[in-house]
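Enquirer: here is my input, please return the structure:
(one chain, ligands or ions: 1)
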Amino acid sequence: MNKATRAAVIAGNWKMNKTPSEASVLVSAIAERAAGKDGCRVVLCVPYVDIPAAVEAARGTNVKIGAENVHFKESGAYTGEISAAMLVECGVEYVIVGHSERRQYFGETNETVNLRAKAGLAAGLKVIICVGEVLEERQSGITSEIVSMQTKLALAGITPEELENVIIAYEPVWAIGTGLTATPEQADEVCGIIRSVVAGLYGEDKAMALTVQYGGSMNDKNAAELLSKVNVDGGLIGGASLKPDAFGSIIDAAQ
Ligand code: PEP
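Expert: Sure thing, here's the model as predicted:
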């Protein structure tokens with residue numbers, strides 16, 4: 001299996017932006033740009049409170065709705081958290097886990113990323129697992145070790161069948177929201193490293209079928225070159241996913 005047969009996934013991560021009424025308008029505008037673009041899957045991961053409005057606005061379009069996180073317990077005394085079953089019942093199909101902002105600001109660890117990924121998969125969600133090095137790690141020459149370790153720990157206990165619903169997003173932390181982008185060669189190299197780690201764990205066929213995204217200041221100007229790389233199967237996009245034209249151009253580039 002090669003790149004052409006893997007699912008290209010262009011996913012937006014809205015972070016803490018847009019109220020429900022604004023979400024409805026933005027989903028509709030992006031759905032219009034995405035209409036008829038069957039060469040990639042289009043996903044918008046939105047704040048929890050926007051989910052009902054986003055699901056409604058995406059109905060009948062080729063845009064799927066995702067959440068930005070999920071808790072690993074089914075229910076209980078976890079104030080402020082949201083379970084996978086709650087997301088599924090609201091019409092959510094995808095969920096991001098392990099975003100660097102969650103790791104940096106909210107105490108997310110490799111262990112909780114793994115637990116959240118397993119909870120999402122058990123509920124039938126497609127899970128986008130984020131991995132990536134910080135600037136000091138890249139400068140110390142340990143990007144490969146860091147990303148390999150994060151990938152292995154995130155996938156612990158996930159079955160080969162479940163892996164079919166996993167997407168891994170390589171997001172160098174120094175490139176997120178900074179305007180700095182990994183070069184296409186850097187993105188391709190690390191996405192390739194992730195694929196080899198997965199090959200070591202699950203075998204070559206599973207690894208070749210896995211969608212590996214790049215994320216980090218992807219925009220309408222740099223998307224085509226990043227997405228042309230053999231190991232880059234899509235993008236996880238923050239800032240540009242709030243702009244229908246820019247996001248639409250990234251979808252065009254993924255065609
Ligand atoms: C992200 O939030 O995952 C991201 C990649 O953000 P940005 O595109 O703004 O760098």
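Enquirer: could you use CA atoms for every contact and neighbour count after this?
Expert: Will do.
Enquirer: from the chain's centroid, how far away is stretch 117-137?
Expert: 8 Å (CA atoms, centre = their mean, to the nearest Å).
Enquirer: what's the answer for stretch 190-205, then?
Expert: 17 Å.
Enquirer: in that stretch, what counts as buried?
Expert: 190-199, 204 (16 or more other CA atoms under 10 Å).
Enquirer: hmm, the helix or strand in which Val42 is found touching the ligand?
Expert: According to DSSP states H and E, Val42 maps onto strand 41-46. No: if you take CA under 6 Å from any ligand atom as the test, strand 41-46 misses the ligand, and the best it gets is 10.0 Å.
Enquirer: tell me where the stretch 101-250 of the chain has helices.
Expert: 110-122, 135-139, 143-155, 160-163, 184-202, 204-209, 223-227, 244-254 (DSSP state H, counting those that start in this stretch).
Enquirer: could you export these as CSV, including distance to Ala8 and mean pLDDT?
Expert: CSV is the format used below for the helices of the stretch 101-250 of the chain (distance: least, CA to CA, whole Å; pLDDT from 0 to 100):
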stretch, distance to Ala8, mean pLDDT
helix 110-122, 20, 98
helix 135-139, 27, 96
helix 143-155, 20, 98
helix 160-163, 16, 98
helix 184-202, 14, 98
helix 204-209, 11, 96
helix 223-227, 9, 97
helix 244-254, 7, 97
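Enquirer: now those helices in a markdown table, with distance to the ligand?
Expert: Output for the helices of the stretch 101-250 of the chain, formatted as a markdown table (distance: least, CA to the nearest ligand atom, whole Å):
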| stretch | distance to the ligand |
| --- | --- |
| helix 110-122 | 15 |
| helix 135-139 | 14 |
| helix 143-155 | 16 |
| helix 160-163 | 21 |
| helix 184-202 | 12 |
| helix 204-209 | 22 |
| helix 223-227 | 11 |
| helix 244-254 | 10 |
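Enquirer: contacts only, for the most centrally placed residue in the chain.
Expert: The residue lying closest to the centre of the chain (CA atoms, centre = their mean) is Ile128, at 4.1 Å. Residues in contact with Ile128, defined by CA atoms under 8 Å, 6 or more residues apart in numbering, are 94-97, 166-169.
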